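1. Fold the following.
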Amino acid sequence: MANTFEYYRETARKAVEYQLRHQQPDGGYIWDGYAVDAHHKQAYSWSLAGRLAEAHRLLNWVQRERLQTNGQLKDYNGDVYKHSWFFQGAHRLGRFDLSYPVMDFLVSCQAPCGGFPHFAGDRLLRSLATAWTGISAIHAGRLDVANKAAQCCISLIEQQPDDGKFYYKMTRDGRLVVDDSDPDNLIDTAKPKQAYWEVGLPMMLMCRMYQIGGQTHFLEFATLLLEFKLRCREDNYGWVGSGKSSLAAAIYFLITDDRRAREAAIRFLDFLVETQCPEGGWRDETEPDELLIYIDHAAEFSVWIREIVGILESKT
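-> Modelled structure (predicted):
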């Protein structure tokens with residue numbers, strides 16, 4: 001198993017090296033033809049790989065060129081989810097000159113019911129942004145914000161009307177949106193290649209909240225989400241959209257020793273090893289064949305590999 005863990009780490013290392021080949025001489029991550037809002041995962045990814053100088057160089061560039069006075073990143077258009085990614089990468093590196101302003105922006109986006117929209121001006125709230133920002137708030141020590149986000153996720157779970165589906169949008173006053181006509185509104189256990197991250201991040205938030213105070217109801221809701229995810233199709237832990245729920249499964253295993261969760265996380269690691277492109281990125285056949293996809297997956301998946309392997313290896 002030790003050799004297997006090393007094989008996983010080599011996959012992550014290759015993904016990081018692939019990303020680093022595109023860093024610009026000024027430290028930045030924008031060039032002709034590339035997206036202007038796709039450097040939010042790099043600091044997190046590179047720091048876990050020990051590439052601290054490159055990560056700080058990127059953050060220096062963000063501080064000079066991209067951070068705005070209201071805590072938003074230029075050209076990110078109020079994307080709460082992406083700002084939460086950036087916050088976690090910067091905060092882990094002790095770049096409080098960046099993380100605290102970004103957290104101030106994130107807190108300003110929280111609805112009275114505790115949830116967060118994907119984009120600051122959206123009419124609806126979303127599981128993705130709510131849970132990921134709740135986790136960011138934990139890192140910032142903003143447990144008031146995190147607890148409200150967690151309670152919103154619990155309300156979302158409690159309102160689910162169908163055991164075979166998971167609806168992940170809410171109104172700003174906390175009412176679940178049950179709309180089967182919108183494919184970007186639910187996960188259907190009968191279908192493959194679903195938006196599994198919408199379940200994975202609330203499960204991760206429940207696990208993190210349980211770790212803080214040992215309140216059993218958080219773990220109970222994490223269990224409900226694990227059970228739902230296990231009912232999904234055979235790609236539930238073996239697709240490009242499975243990473244967030246796979247890290248959630250690893251954290252759940254850390255807490256509970258549930259072997260099903262461990263096996264789920266390993267399935268995702270094996271999937272990444274098997275499907276990594278020669279240069280170091282990933283792309284599902286349903287996604288556009290463009291550089292942005294390969295780099296974005298390389299950044300995110302290298303994080304999940306390092307985090308998952310660290311947890312699993314600690315338990316051997």
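2. pLDDT score for Asn3?
-> Note for Asn3: predicted pLDDT of 79.
3. Can you name the helix or strand that it falls in?
-> Using DSSP states H and E, Asn3 sits within helix 2-20.
4. got it, and Arg233?
-> Take DSSP H and E as the rule and Arg233 turns out to sit in neither a helix nor a strand.
5. For Lys229, give its distance to Ala222.
-> Taken as CB to CB, to the nearest Å, the spacing of Lys229 relative to Ala222 amounts to 11 Å. Every C-beta, even on glycine, is put in place using the N, C-alpha and C of the backbone.
6. related to what we said a few turns ago, list of residues touching the helix holding Asn3?
-> Applying CB atoms under 8 Å, 6 or more residues apart in numbering, the contact partners of helix 2-20 are 42, 45-46, 48-49, 51, 54, 269, 272-273, 276, 279-281, 294-295, 298-299, 301-302, 305-306, 308-309, 312-313, 316.
7. in that helix, what counts as buried?
-> Across helix 2-20, burial judged by 16 or more other CB atoms under 10 Å covers 5, 8-9, 11-16, 18-20.
8. Likewise for stretch 75-94?
-> 76, 78-91, 93.
9. Kindly report the same for stretch 97-117.
-> Of the residues in stretch 97-117, those buried under the neighbour-count criterion (16+ other CB under 10 Å) are 98-99, 101-103, 105-107, 109-111, 113-117.
10. Compute the first-to-last residue distance for it.
-> Using CA to CA, to the nearest Å, the end-to-end distance of stretch 97-117 comes out at 25 Å.
11. same thing with stretch 234-251?
-> With CA to CA as the measure, the first residue of stretch 234-251 is 21 Å from its last.
12. Please compute how far it lies from its chain's middle.
-> 11 Å (CA atoms, centre = their mean, to the nearest Å).
13. Now do the buried residues in it.
-> The neighbour-count check on stretch 234-251 (16+ other CB under 10 Å) flags 235-251 as buried.
14. before we move on, the earlier item: can you redo the buried residues of helix 2-20 as a markdown table, where the extra columns are distance to Glu287?
-> As requested, those are exported to a markdown table (distance: CB to CB, whole Å):
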| residue | distance to Glu287 |
| --- | --- |
| Phe5 | 28 |
| Tyr8 | 23 |
| Arg9 | 25 |
| Thr11 | 19 |
| Ala12 | 20 |
| Arg13 | 23 |
| Lys14 | 20 |
| Ala15 | 16 |
| Val16 | 21 |
| Tyr18 | 17 |
| Gln19 | 17 |
| Leu20 | 22 |
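15. what's the nearest residue to the residue nearest to the spatial centre of the chain if we skip its chain neighbours?
-> Taking CA atoms, centre = their mean, the centroid of the chain lies closest to Lys244, which sits 5.3 Å from it. When the adjacent residues along the chain are set aside, Lys244 lies closest to Gly200, with 3.5 Å between them (CB to CB, 6 or more residues apart in numbering).
16. what about the one you found, which helix or strand?
-> Assigned by DSSP H and E, Gly200 belongs to helix 197-213.
17. State the three-state secondary structure for the residue of the chain most remote from its centre.
-> Here the centre of the chain is the reference, and by CA atoms, centre = their mean the most remote residue is Pro25, at 28.2 Å. Per DSSP: H, G, I helix; E, B strand; the rest coil, the local secondary structure of Pro25 is coil.
18. Could you verify my assumption that Ser47 touches Gln88?
-> No. Counting by CB atoms under 8 Å, Ser47 stays clear of Gln88, with 10.0 Å between them.
19. picking that back up, any idea how far the residue farthest from the centre of the chain is from Trp61?
-> Counting by CB to CB, the gap from Pro25 to Trp61 is 10 Å.
20. Buried subset of the contacts of helix 2-20, written for ChimeraX?
-> Remark: buried members of the contacts of helix 2-20, expressed as a ChimeraX selection using 16+ other CB under 10 Å:
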select :42,45,46,48,49,51,54,269,272,276,280,281,294,295,298,299,301,302,305,306,308,309,312
